[in-house]
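Asker: Give me coordinates for this.
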Amino acid sequence: MNPYIMSILMCNLALGAIITAASYHWFLAWIGLELNTLAIIPILAKHHHPRATEAATKYFIIQATASSIILFSSIINAWYTGTWDITQLTTQPAPTMLLIALAMKLGLAPMHFWLPEVMQGTDTTTAFIIATWQKLPP
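Answerer: Predicted coordinates:
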C-alpha cells in the first residue's frame, strides 16, 4: 500500500477516535465510530489474500450492525427525552441496546464470535490496531 494512503488512513483512525471521545452529541459520536470503521477496512484488506478479504468483510458487517444499533438506540432516546445529549440516557430500551451494540463493537464475551476470525485473517500490525486502538472510541 502506498505510504501516503496508509498515513491518511492512520490519521482518519486517530480523527475518528478524537471525534468520538470529544462529542457530547449522539450523532457526532456515531460519525466518529463510522469514520474509525471505514478507515480500518482498507487496512484489513491491504493483503490480497482470501483470509484478509474475509476478515475485512466480517469486520465490516459486524461493525455496521453495531453502528446501526447505536444509531437506533440514540434515536429512541432522542424520541423520549427530546435531546441528543449523551448524558441524557434515561429511557429503558436505549441503554440496553447501546450496551449490546458496544459489546459487539468491542468484541466482549457474548458478542465476541467475530474477533478471533478477524484476527486470524490479518497480519500482526493490523491485529494489534484492532485489539488496541479500535477499542478506545467505543
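Asker: the strands in the chain, which residues?
Answerer: In the chain, no strands are defined using DSSP state E.
Asker: for it, longest helix please?
Answerer: helix 50-81 (DSSP state H).
Asker: Check which helices and strands that helix sits against.
Answerer: Judged by 3 or more CB pairs under 8 Å, 6 or more residues apart in numbering; DSSP states H and E, helix 50-81 is in contact with helix 26-44, helix 93-106, helix 115-120. Heads up, the C-betas are built off the backbone N, CA and C, glycines and all.
Asker: Give the buried residues for the first one.
Answerer: In this case it means helix 26-44. Neighbour-count burial for helix 26-44, counted by 16 or more other CB atoms under 10 Å, picks out 26, 29-40, 43-44.
Asker: got the angle between it and helix 50-81?
Answerer: 180 degrees (axes from the mean of the first three to the mean of the last three CA atoms, to 10 degrees).
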